[in-house]
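S.K.: using only what follows, build the 3D model:
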Amino acid sequence: MCGRFTDIERGAGKLTQRRFLFAAAVIAALFAFVKVAAAQSLLEQLVTPGPLAESHAKAEKECSKCHESFSSHSQPRLCLDCHKEIVKDREAKLGYHGRQPEALKEECRHCHSDHKGRGADIMQLDRERFDHDLTNFRLVDSHKSVACSACHAAKKPYHNTATVCFDCHKKNDPHKGKLGEKCDSCHAPTRWRETKTFDHSKTKFALEGAHKEVACATCHSGQIYKDLPRDCASCHKLQDIHGARYGEKCESCHNQAKWKEAKFDHDAKTKFPLHGAHAQAKCDVCHTGDLYKDKLAVACISCHKKQDPHQNALGEKCDKCHNDVDWRKNIAFNHNQARFPLAGKHASTPCEECHRTQIYIDTPTACEKCHADTLHQGRLGSAPQCGACHTPASWGKWRFDHAKQAHWPLTGSHATLKCESCHAVKGASLSLPTACESCHKDRYHQGRLGAVAKCGSCHDASRWSHWRFDHQHATGYPLTGAHATLKCESCHSRPNPPDLKLPTQCVDCHRRDDPHLNSFGPTCDRCHTTSNWRKVTIRN
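M.R.: Okay, the predicted model is just below:
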């Protein structure tokens with residue numbers, strides 16, 4: 001019994017010990033569960049493969065930021081929890097991580113492994129083989145030859161690099177930011193200084209007509225492109241021939257094709273349709289003041305009061321006799337029934353030209369009473385005889401047969417002269433001398449061709465500058481060689497000589513030019529000729 005009891009006690013003791021150990025294990029497990037985070041962190045720090053890279057150094061003591069215990073599949077999720085910009089690129093399919101199909105499938109650690117030390121390059125970027133087209137900024141034209149460091153600053157994430165032209169070329173912007181930051185609207189990456197055609201129609205002012213040919217700087221002076229006025233007057237104020245009297249609504253008359261071709265529908269837009277001569281009148285003739293403030297009357301007398309030949313004696317109903325086709329013509333009065341029928345130019349002459357007063361029956365009928373002789377001024381006689389030359393058909397077309405009526409025919413240039421060219425003295429006799437020198441004073445020869453002028457020997461009436469004189473037949477001395485090109489006054493130099501006959505020996509004129517000092521006598525023509533004095537030809 002005793003021995004058996006002892007066995008039972010021993011069995012009970014073992015059972016109690018097992019229960020104690022189980023309870024202790026449970027308690028230890030509970031205690032471990034409470035402090036699992038601290039225990040795990042300690043364990044992971046003990047088994048870490050190496051220091052993290054410089055960019056991840058802050059998370060080196062917090063492994064849970066990048067690792068989840070006993071789960072390797074959760075690591076990409078933990079990476080993206082920090083790198084939210086990569087998440088945005090992948091969702092929008094932008095940037096290097098969003099445009100690559102492989103980047104969407106592979107885990108982050110496939111390319112970016114860590115625990116290789118502080119100086120480790122975890123980006124693993126191969127610049128030589130990197131395809132920049134998979135980013136948000138394709139390298140084209142001039143950008144292909146630019147070094148990476150020119151755009152990507154050191155120690156700055158590549159995805160934060162600016163992609164807008166202005167961010168890189170701000171210092172080279174000749175517009176100083178006045179045109180905004182959309183540089184590619186005018187410039188291309190091929191050659192920055194060669195601007196491409198700018199589509200001005202996309203602005204608030206489309207270029208039409210003559211504006212298409214205007215240089216940009218003409219309107220955009222000083223590189224100002226924003227908030228420019230678009231009304232015509234703002235640019236064309238100096239060209240406003242109306243002096244701002246017509247306001248600033250230039251487009252109501254003018255267009256952009258041809259500024260000087262102004263069009264305005266006066267009939268439809270005003271209460272005064274333009275007919276006849278009014279349609280040909282310039283705007284400024286009637287609109288002398290402000291176009292919008294000064295309202296014009298429509299009665300004839302309101303505009304033509306100063307032109308009223310009747311001085312308002314016949315009232316203001318001008319349209320009884322006149323019309324707007326031609327104010328001075330088509331007058332409703334038959335003058336042929338009067339004592340002075342209107343013929344020729346008289347029929348188209350304004351009434352007031354003859355009727356100086358409003359009493360029409362006292363108008364004289366003699367030509368000189370109406371036509372003051374402002375041209376002849378008495379040079380064709382003191383008693384005017386206008387009808388001898390002029391007719392009512394045309395005052396400027398006159399007739400006078402000078403050969404028959406004056407017994408001196410007008411030929412050559414004389415036929416084109418005005419009467420007063422010869423008949424210059426007022427009130428003088430119409431009989432004038434016919435010698436050339438009486439009208440043509442010799443200012444050229446000045447008497448060197450004789451005291452008694454014989455102009456007809458060389459000149460005729462066809463043209464004074466065209467003259468003829470046969471020196472050989474008229475004087476017996478032919479002009480040959482260099483003599484033929486001499487002017488008359490070269491030999492005939494003495495004024496008013498008693499005789500025009502000159503000595504004909506060479507030495508008489510060329511004594512000073514004789515290099516032989518008269519040692520060979522006066523017979524120069526034995527060796528010399530008039531063609532070339534220096535060329536010597538000895539004749540026997």
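
S.K.: where exactly do the helices run in the stretch 201-350 of the chain?
M.R.: Ranges of helices within the stretch 201-350 of the chain are 216-219, 232-236, 266-269, 283-286, 300-304, based on DSSP state H, counting those that start in this stretch.

S.K.: how about the second one, which residues are buried there?
M.R.: The reference is to helix 232-236. Judged by neighbour count using 16 or more other CB atoms under 10 Å, the buried positions of helix 232-236 are 232, 235. Glycine gets a C-beta too; all of them are placed from N, C-alpha and C.

S.K.: what's next to that helix, contact-wise?
M.R.: 219, 228, 229, 240, 244, 248, 250, 251, 254, 259 (CB atoms under 8 Å, 6 or more residues apart in numbering).

S.K.: report the distance from it to the chain centre.
M.R.: Relative to its chain's centre, helix 232-236 lies at 15 Å (CA atoms, centre = their mean, to the nearest Å).

S.K.: and for the third one?
M.R.: What separates the centre of helix 266-269 from the centre of its chain is 33 Å, taken as CA atoms, centre = their mean.

S.K.: can you give me the mean pLDDT across stretch 325-340?
M.R.: Average pLDDT, stretch 325-340: 78.

S.K.: now the terminal residues of that stretch, how far apart.
M.R.: Start and end residues of stretch 325-340 are separated by 26 Å (CA to CA, to the nearest Å).

S.K.: one more: stretch 209-219?
M.R.: Using CA to CA, the end-to-end distance of stretch 209-219 comes out at 15 Å.

S.K.: would you mark the buried spots in it?
M.R.: Within stretch 209-219, the residues that count as buried by 16+ other CB under 10 Å are residue 219.

S.K.: can I get the helices of the stretch 201-350 of the chain in CSV with mean pLDDT?
M.R.: As requested, the helices of the stretch 201-350 of the chain are exported to CSV (pLDDT from 0 to 100):
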stretch, mean pLDDT
helix 216-219, 82
helix 232-236, 84
helix 266-269, 87
helix 283-286, 84
helix 300-304, 86
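
S.K.: residues near residue 108, how many?
M.R.: 20 (other CB atoms under 10 Å).

S.K.: same deal with residue 50?
M.R.: With other CB under 10 Å as criterion, residue 50 counts 10.

S.K.: element containing it?
M.R.: Element membership for residue 50, per DSSP states H and E: none, as it lies in no helix or strand.

S.K.: give the contact list for it.
M.R.: Residue 50 sits next to 115, 116, 117 when contact means CB under 8 Å, 6+ apart.

S.K.: can you tell me the SS state at the first one?
M.R.: Of the three states, residue 115 takes coil under DSSP: H, G, I helix; E, B strand; the rest coil.

S.K.: so who does it touch?
M.R.: By CB under 8 Å, 6+ apart, the contact list for residue 115 reads 48, 49, 50, 51, 52.

S.K.: any idea how far the closest residue to the first one other than its chain neighbours lies from residue 80?
M.R.: Which is residue 48. Spatial nearest neighbour of residue 48, chain neighbours left out: residue 115 (6.7 Å); criterion: CB to CB, 6 or more residues apart in numbering. Counting by CB to CB, to the nearest Å, the gap from residue 115 to residue 80 is 19 Å.

S.K.: fine by me, thanks again.
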